[in-house]
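J.: Let's see this in three dimensions:
(one chain, ligands or ions: 1)
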Amino acid sequence: MTTISGARVFDGTDVLGTASVTVEDGVITAVRPGSEHDGDVDGRGMTLLPGLIDAHVHLRGAGNIGQDLRYGVTTVLDMFSAPPQFTAVLRGRAATRTDEADLRSSGLMAGAVDGWPAVIVPPDPSGWHMPGLSRPEDAEQFVVERAREGSDYIKVFVENPADVDRPVLSPETVTAVCTAARAHGLLTVAHAPTRWAFRAAVDAGVDVLTHLPLDGPLDDDLDLAALVVCPTLAMMRARADARSTDELLADPRLLAGLDREVADALRAGDRGHLPVSDRPGTSYDHAAENLARLAEGGATILVGTDANDVPGHAAAVLHGASMHLELDLLARAGMSPRQVLRAATSVPADVFGLADRGRIAPGQRADLLLVAGDPLTDVTATRDVRAVWRSGVRFSDAR
Ligand SMILES: [Zn+2]
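T.: The predicted structure is shown next:
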C-alpha cells in the first residue's frame, strides 16, 4: 500500500483540491480530502494527475514505450505499426511489464494497393506483405483480419488523389471500412491532414479524425460539436516548420528522458526523415486556427503527438517528450489548461472505452503522474515530472 498525500489532485475532470490518494495492488483504493502530509510520498507543492494518454503514436521499437513512461505517459494508442508480429510482441510486453507504457493499437492501416502506407512497409522475410484495398468489397476482409490480429480500432488513410502520387482509397471504400468496423464493434480513426481529407473522412462516417488541415480553414458547414479530433499539433508544426525541434532543445525538462545520443543528434539538426511540406499555402497557423474553432465549437479533442521515433534515433516528434510540447501547443492555440489535461486523460479513456483509467477515483487503475507546480495554471508544469506510477508500481529510471 502507498499513500501520496498533500498534493493538489486533478482527477481527470476537475481539481479536487488537496487530497491523499491511496493505492493497493495496482488500484486506487481511497481519495481523501486534506492537506496533511501523513503518507509515504510527500506531494506538497505538487499536482497529482492521472497518467497521460497519448492518443496517436507509432511503435518503431520496444524502447518507445519505456521512453513514454519516463515522461508520465502511461498509455499510448498506436495508430499503425507493422508487421503484425511486431505489434503483438509489444502488446504482450505492455500487458505484463510495469516499466513501459501500456498500449492499444490499430495494427495495420487501411490504405490502397501500392499506396500509402504499404509503400513504406517492406515485405517481411517470412513472405508477409502489407495488405491493401482496391474496392469497397475488400473492407470486410480487411477488418476481419485486423480483428483476428487483436486490433483495438481501425486506422484508415484518407487523402485527396490530387495530393499524393500514389493510389488512394476511394470515398466509397473509406465508407465501407467504417461500416465494416462498426459491424465488428470497432472505432475508426482517419488520417486526415488536409481540408479535402478532413471533409472526406467526416462524410465517410469516421469516428475519430487525426491531424488538422495545414492548407486552410475547415469547411464552415461542419457540425463541429459532433467531431472527435486528435490534432497532433506537434506533428503539424514539424510538417510546416523545419525549426520545430528548437523548442524541445530549449527546455532541459523535455530532453531529460531522451538518450544522450538522441539529444546530441537533435542538437546537430537531425529530425529523422520528416520532410517539411512544400505544398503552397501550407502553414501551421491554419492548424492552430482550426483547433481554436473546434475547441470553441464544442468538438471533443484528444491529445496525441504522432510520435514515431526509432529508439535511439532523433525525430521531429518523439515519444514522451513531444507529449508535453503538444499539451502546450493546444493551450497556446486556445484551450484552457483544464481542457487540455482532460483531453490527455479522461476524454481519450472515454472515447476509446478504457474504463479503468484516465481518472483518479477509487477502483481506477493506479496510473499516476506527480509533477511539481500547478499545470492547471501553467500547463508546462507537466514537464517537471517527479514520480510516475504504472499499475501502482512506481517507475524508477535506472538507465
Ligand atoms: Zn500517425
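
J.: could you pull out the strands for the stretch 101-250 of the chain?
T.: Along the stretch 101-250 of the chain, counting by DSSP state E, counting those that start in this stretch, strands occupy 102-105, 109-110, 154-157, 188-191, 208-210, 228-230.

J.: buried ones in the fifth one?
T.: When neighbours are counted by 16 or more other C-beta atoms under 10 Å, the buried residues of strand 208-210 are found to be 208-210. Using the backbone N, CA and C atoms, a C-beta is placed for each residue, glycine as well.

J.: Of the residues you listed, which is the nearest to the ion?
T.: residue 210 (6.8 Å; C-beta to the ion).

J.: Which residue is the nearest non-sequential neighbour of the closest one?
T.: With C-beta to C-beta, 6 or more residues apart in numbering as the criterion, residue 210 has its nearest non-adjacent residue at 4.3 Å, and that residue is residue 230.

J.: Can you get me a residue count around the one you found?
T.: By other C-beta atoms under 10 Å, the residues close to residue 230 number 27.

J.: show me what contacts it?
T.: Counting by C-beta atoms under 8 Å, 6 or more residues apart in numbering, residue 230 touches 55-56, 189, 208-211, 301-304.

J.: repeat that for 7 Å
T.: By C-beta atoms under 7 Å, 6 or more residues apart in numbering, residue 230 lies in contact with 55-56, 208, 210, 302, 304.

J.: I'd like to know which of those is nearest to residue 12.
T.: Residue 12 has its nearest neighbour among the contacts of residue 230 in residue 302, at 13.4 Å by C-beta to C-beta.

J.: hang on, isn't that closest one packed against residue 348?
T.: Yes: the pair formed by residue 302 and residue 348 meets the contact definition of C-beta atoms under 7 Å, at 4.8 Å.

J.: And the residue of the stretch 251-399 of the chain closest to the ion?
T.: Taking C-beta to the ion, the ion has its nearest neighbour within the stretch 251-399 of the chain at residue 306, 4.3 Å off.

J.: Not counting residues beside it along the chain, what's closest to that residue?
T.: Residue 306 sits nearest to residue 235 (C-beta to C-beta, 6+ apart), 3.7 Å away.

J.: Let's see the pLDDT reported for that neighbour.
T.: We have a pLDDT of 97 for residue 235.

J.: Pull up the gap between the closest residue to residue 267 other than its chain neighbours and the ion, please.
T.: Excluding its sequence neighbours, the residue lying closest to residue 267 (C-beta to C-beta, 6+ apart) is residue 249, at 6.1 Å. Distance of residue 249 to the ion, given as C-beta to the ion, to the nearest Å: 23 Å.

J.: what about residue 249, how many neighbours?
T.: A count of neighbours around residue 249, defined by other C-beta under 10 Å, yields 13.

J.: Same check on the one 4 residues further on?
T.: Counted with other C-beta under 10 Å, residues neighbouring residue 253 total 17.

J.: packing partners for the helix or strand in which it is found?
T.: Assigned by DSSP states H and E, residue 253 falls within helix 252-255. Under the contact criterion of 3 or more C-beta pairs under 7 Å, 6 or more residues apart in numbering; DSSP states H and E, helix 252-255 touches helix 321-332.

J.: which residues of the stretch 51-200 of the chain fall in helices?
T.: With DSSP state H, counting those that start in this stretch as the criterion, the stretch 51-200 of the chain has helices at 63-70, 84-96, 139-149, 171-183, 195-204.

J.: Just name the most buried of these.
T.: helix 63-70 (a mean of 24; mean count of other C-beta atoms under 10 Å).

J.: Give me the contacts around that one.
T.: Helix 63-70 is touched from outside by 54, 76, 90, 94, 99-101, 103, 257, 311-312, 319-320, 388, 390, 395, 397, with contacts defined as C-beta under 7 Å, 6+ apart.

J.: now the angle between helix 84-96 and it, please.
T.: Angle, helix 63-70 to helix 84-96, by axes from the mean of the first three to the mean of the last three C-alpha atoms, to 10 degrees: 30 degrees.

J.: Helix 321-332 and helix 63-70, what's the angle between them?
T.: Between helix 63-70 and helix 321-332, the angle comes out at 50 degrees (the same axes, to 10 degrees).

J.: Now find how far off-centre the helix holding residue 253 is within its chain.
T.: 19 Å (C-alpha atoms, centre = their mean, to the nearest Å).

J.: Just the C-alphas of that helix, formatted as PDB.
T.: What follows is helix 252-255, C-alpha atoms only, in PDB (Å, rounded to 0.1, in the frame of the first residue of the first chain):
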ATOM      1  CA  PRO A 252      16.100  20.700 -20.400                       C
ATOM      2  CA  ARG A 253      13.000  19.100 -18.900                       C
ATOM      3  CA  LEU A 254      11.900  17.900 -22.400                       C
ATOM      4  CA  LEU A 255      15.400  16.400 -23.100                       C
END
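
J.: What about the contacts of helix 63-70, which are in strands?
T.: 54, 76, 103, 388, 390 (DSSP state E).

J.: Going by neighbour count, which of those residues comes out on top?
T.: When neighbours are counted by other C-beta under 10 Å, residue 76 leads those with 32 neighbours.

J.: Report pLDDT for that residue.
T.: For residue 76, the model assigns a pLDDT of 98.

J.: Skipping its backbone neighbours, what lies nearest residue 111 in space?
T.: In this structure, residue 111 finds its nearest non-sequential neighbour in residue 157, 4.1 Å apart by C-beta to C-beta, 6+ apart.

J.: just residue 128 next, same as before
T.: Once flanking residues are discounted, residue 128 sits nearest to residue 83: 5.4 Å by C-beta to C-beta, 6+ apart.
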